[in-house]
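> From the sequence below, what's the structure:
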Amino acid sequence: MTPRLCAHAPSGPLATRWERHRDELALVGPTRRRHHTVLVVGAGLAGASAAATLSELGYRVRCLVFHDSPRRAHSVAAQGGLNAAKNYQNDGDSVERLFHDTLEGGDFRSRESNVYRLAELSALIIDHAVAQGVPFAREYGGHLASRSFGGALVSRTFYARGQTGQQLLLGAYGALAKEEAGGGVTLLPRREMLDLIVADGRARGVIARDLVSGRLETHLADAVVLATGGYANVYFLSTNAKASNATAIWRAHRRGAAFANPGFVQFHPTCLPAGGEHQAKLTLMSESIRNDGRLWVPLRPGDARRPAEIPEAERDYFLERRYPRYGNLVPRDLGSRACKAMCDEGRGTGPGGRGVYLDLAEAAQRLGVDVLRERYGNLFEMYAHITGDDPLRGAMRVAPAPHYSMGGLWVDYDLMSTIPGLFVIGEANFSDHGANRLGASALMQGLADGYFILPYTLAGYLDGPRLGAVAEDGPEARAALAAVRARVETLLGLAGRRTATDFHRALGRVMGDACGLERSREGLTKAIDEVAALREAFWEDLTVPGEARELNQELERAGRVADFLELAELMCRDALAREESCGCHFRVEHQTPDGEARRDDDGFAHVAAWMPAAPGRAPERLVEPLHFESLALRERTYR
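Numbers count the residues shown, from 1 in each chain. Coordinates of the predicted model:
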């Protein structure tokens, strides 16, 4: 039976919804908590904060860590900062304004109640992180410093130079390590979840593979929490770490968890351009640099002069021209499309004309080089290390690249998926960012989910119907284990000629062309057929060397690419079904005369959630209508 989407969002004034809902949730008493086991999959910011907090409350927590240490989670790559409505700058910020900016930044395609709760909790995150010792930048007088990010006219982004994600992760890891030392958390490193165990309609555990020994393991629990990040690596080249993948959420989807808005993937405008066909990943330059850097291209198409040789009168500061109100700090979707438009006009820079300039010369003259190095020092070092150029002696060259997935498993207001007992937090869910995430909001969401939301809503679930016993040798666990073992054996038994990386790179080309910064009906329809053909070829012509019971990274890679090949088709179907342009989703058939996105609020002010396809049938598309009670739908106002 197909579940009905019900967000369970509370009614009444937005400002009191979370407080009232939290007070109405059932509680699990201290003596009962230690009899409940919670399985957390993932130990980045969302997973580590959730596992540590749940253990502090008294739950028995088992945490599967993909890396050899939680400190290597991809959260370390979040460079620029963390949004919070503290208003330390006295520039007019408030919870209400952060709520409005986030809702408008997502082009009014996110759930209003979730967004307000996120804005409301933001200030608590800063206080919590400061108490943990996170070394945020400070003003001369000792107050926390903040800076602006895209989509905001106030300075609300708190930062630790270009290492904010790393410093926040160290804070969460410290709390997690303390709980591990006290026996509340069992950390299991180098494990990859390969299937979800569902018993009596509820999530009760996972099947995982020990990535060192190759042994398959069964892990049972009273509830499962997925905190496994996003899926931008479906494009092959992205800003994500190479190991970032969609396997955990995709395997949960195949067990019945609805997948929401899969086509919503953000392209970040300030990444280093790809240097060649065989490049493995892309490098991000933090959005924070746009506080002081100006994006421009030559006025004349095909101008091959060095940037220092092009006078001011022959430069087009295109974001300042197109969006004078926000200038270089427009949201990422607008910035990325504007960069692409310049390249399409033949005014791009560098090899192939695929980049634009990000210039700090004016800021260096106004503020001084030492001030810029203090703000962004490690970012400059990274740029110089990769390109060989000093970004303070010449303009940087950047280009849009796949970065963050706003889509993910559908969750209700309590962060529970359509499978009872399966909670999904951080980038792995869809819930807070709509069609475009504002910069510095990823850290905000991951920490809000882990520290301040899940501990309450999980208790509400565990105090519900009594859970039956589940055993490792029970039918559900044995069936899941057998399915994983059969899939592994099938992959190893293929005797083709092409590697998983070869298929992944081919998939990236298809997705970049058809389901990237621009989409069209013709391109998406063609891509669905191309992905299906690529998937068929994968299962006929793949080669996977090595054995199952050993360290085998080719086997790992093959399993993830197989999942990407299925997810990619769903992304294209989702983009094809959404006949409008909004946020990151730009359908060329739906644009204004000046090239901006044209939303269809009458037809598409909803969340699209897809149920897994039955054999021989297309996936079923469910709809959760979005209701905006406090803020009427309106055009975005970045001009």
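
> Show me where this protein dips below the pLDDT cut-off.
For the chain, the stretches with pLDDT under 70 are 1-3.

> Mind naming the longest helix for it?
helix 553-577 (DSSP state H).

> Now the element after it, going C-ward?
Sequence-wise, the next helix or strand downstream of helix 553-577 (DSSP states H and E) is helix 601-604.

> Give me the residues contacting the strand or helix carrying Cys339.
Assigned by DSSP H and E, Cys339 falls within helix 332-344. Here helix 332-344 makes contact (C-beta atoms under 8 Å, 6 or more residues apart in numbering) with 107, 150, 266-270, 287, 290, 295, 297, 316, 318-319, 322-323, 328, 330, 348, 353-356, 398-400, 403, 435-439, 517-518, 583-584, 586, 595, 597, 638. Every C-beta, even on glycine, is put in place using the N, C-alpha and C of the backbone.

> Can you flag which of the residues you listed belong to strands?
Among those, DSSP state E puts 266-270, 295, 297, 316, 356, 398-400, 403 in strands.

> Closest one of those residues to Ala308?
Relative to Ala308, the closest of the ones in strands among the contacts of helix 332-344 is Val297; by C-beta to C-beta it sits at 14.8 Å.

> so what's that closest one bridging to?
With DSSP bridges as the criterion, Val297 is bridged to Asp316.

> Could you double-check that Trp410 lies in contact with Ala260?
Yes: Trp410 is within contact range of Ala260, at 3.9 Å (criterion: C-beta atoms under 8 Å).

> residues shared between the contacts of the two?
Taking C-beta under 8 Å, 6+ apart as the contact rule, Trp410 and Ala260 both touch Asn429, Phe430, Val607, Ala609, Glu624.

> Looking at the residues you listed, which is nearest Gly275?
Among the shared contacts of Trp410 and Ala260, Phe430 lies closest to Gly275 (C-beta to C-beta), at 32.8 Å.

> what's that closest one in contact with, if anything?
Residues near Phe430 by C-beta under 8 Å, 6+ apart: Ala260, Asn261, Phe264, Met406, Gly407, Gly408, Leu409, Trp410, Val411, Val607.

> Could you count how many residues lie near Arg306?
Arg306 has 9 neighbours, counted by other C-beta atoms under 10 Å.

> Could you measure from Thr102 over to Asp91?
Using C-beta to C-beta, to the nearest Å, we find Thr102 at a distance of 17 Å from Asp91.

> more neighbours, these two?
The neighbour count for Thr102 versus Asp91, taken as other C-beta under 10 Å, is higher for Thr102 (28 against 14).

> what about that one, which helix or strand?
Thr102 is part of helix 95-105, with elements assigned from DSSP H and E.

> With Gly205 instead?
In this structure, Gly205 sits in strand 202-210 according to DSSP H and E.

> other SSEs contacting the one helix or strand Asp502 maps to?
Secondary-structure assignment from DSSP H and E places Asp502 in helix 500-514. In terms of contacts (3 or more C-beta pairs under 8 Å, 6 or more residues apart in numbering; DSSP states H and E), helix 500-514 is packed against helix 521-541, helix 553-577.

> now do 10 Å
strand 396-405, helix 521-541, helix 553-577 (3 or more C-beta pairs under 10 Å, 6 or more residues apart in numbering; DSSP states H and E).

> Can you check which of the ones you listed gets nearest to Leu447?
strand 396-405 (15.7 Å).

> Given that closest one, what are its sheet partners and their directions?
With DSSP bridges as the test, strand 396-405 is paired with strand 265-271 (antiparallel), strand 356-359 (antiparallel).

> relative orientation of it and helix 553-577 in degrees?
Going by axes from the mean of the first three to the mean of the last three C-alpha atoms, to 10 degrees, strand 396-405 is angled at 80 degrees with respect to helix 553-577.

> out of the helices and strands packed on helix 500-514, nearest to Ala243?
Evaluated over the helices and strands packed on helix 500-514, closeness to Ala243 peaks at helix 553-577, with 8.4 Å, by C-beta to C-beta.

> Can you show me the helices along the stretch 101-250 of the chain?
With DSSP state H, counting those that start in this stretch, the ranges of helices along the stretch 101-250 of the chain come out as 112-132, 164-181, 247-254.

> Switch these over to a markdown table; also include mean neighbour count and distance to His21.
Formatted as a markdown table, those follow (neighbours: other C-beta atoms under 10 Å; distance: least, C-beta to C-beta, whole Å):
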| stretch | mean neighbour count | distance to His21 |
| --- | --- | --- |
| helix 112-132 | 21 | 9 |
| helix 164-181 | 22 | 25 |
| helix 247-254 | 25 | 25 |
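
> Give me the nearest residue to Leu367, chain neighbours excluded.
Take Leu367 and drop its neighbours on the chain: the residue closest to it by C-beta to C-beta, 6 or more residues apart in numbering is Asp292, 7.1 Å away.

> and that neighbour, how many residues sit next to it?
With other C-beta under 10 Å as criterion, Asp292 counts 20.

> Same check on the one 10 residues further on?
Residue crowding around Gly302 was assessed by other C-beta under 10 Å; the count is 9.

> likewise the one 10 residues further on?
As a burial measure, Glu312 scores 8 neighbours (other C-beta under 10 Å).

> wait, it sits on Pro298?
No: taking contacts as C-beta atoms under 10 Å, Glu312 lies outside contact range of Pro298: 11.5 Å.

> Where do the strands of the stretch 1-150 of the chain begin and end?
Under the criterion DSSP state E, counting those that start in this stretch, the stretch 1-150 of the chain contains strands at 37-41, 60-65, 82-83, 146-147.

> can you redo these as JSON lines with distance to Ala613?
What follows is those, written out as JSON lines (distance: least, C-beta to C-beta, whole Å):
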{"stretch": "strand 37-41", "distance to Ala613": "24"}
{"stretch": "strand 60-65", "distance to Ala613": "27"}
{"stretch": "strand 82-83", "distance to Ala613": "37"}
{"stretch": "strand 146-147", "distance to Ala613": "45"}
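
> quick one: which of the ones you listed is nearest Glu381?
Among the strands of the stretch 1-150 of the chain, strand 146-147 comes nearest to Glu381, with 19.2 Å by C-beta to C-beta.

> partners of that closest one, with directions?
Strand pairing for strand 146-147, using DSSP bridges, gives strand 157-158 (antiparallel).
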